[in-house]
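> Here's my sequence, what's the structure:
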Amino acid sequence: MTLAAWLLVSLALAAGLLQTVTCGVLLISSGWAMPLALMLMLLPFVPLILMQELRGWRRLDPAVPATAAVLSIAVSCGFYWELFNRMGR
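Sure thing, here's the model as predicted:
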């Protein structure tokens, strides 16, 4: 399960890198939507943070970061879908 969790976390990070760069650019001109752009920019890093062992905290079950990685991948896919649709107009 740990190997699968690491693979999902790596996939989430790889899928979200372009999203991070795009949201970093949008952060400057987003205005009132700045919190949403910031959330979308940091979302690919959440599963990676959950995989780390923090001092004073017990290590999480590998299912938790794997679930966060799947959710991050799903949000990244939705972000790319919306970007693709808006560019097609």
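> before we move on, what SS does R59 have?
Under DSSP: H, G, I helix; E, B strand; the rest coil, the three-state class of R59 is coil.
> Please shift the residue numbers so they start at 36 in all later answers.
Okay, using 36 as the starting number, the last item reads as R94.
> list the contacts for it?
By CB atoms under 8 Å, 6 or more residues apart in numbering, the residues touching R94 are E88. Any C-beta I mention is one placed from the backbone N, CA and C, and that applies to glycine too.
> Quick check: it vs V81, distance?
Distance, R94 to V81, using CB to CB, to the nearest Å: 16 Å.
> Nearest to the middle of the protein, which residue? Look it up for me.
P79 (1.9 Å; CA atoms, centre = their mean).
> ok, which stretches of this protein are helices?
With helices called from DSSP state H, the chain shows them at 37-64, 69-77, 81-86, 98-123.
> Point out where the chain drops to low pLDDT.
89-90 (pLDDT under 70).
> What number of residues are in the vicinity of G91?
For G91, the count of nearby residues is 4 (other CB atoms under 10 Å).
> Can you verify my assumption that the residue nearest to the centre of the chain contacts A47?
Yes: P79 lies in contact with A47 (CB atoms under 8 Å); the separation is 5.7 Å.
> joint contacts of those two?
Listed as contacting both P79 and A47 by CB under 8 Å, 6+ apart are S107, S111.
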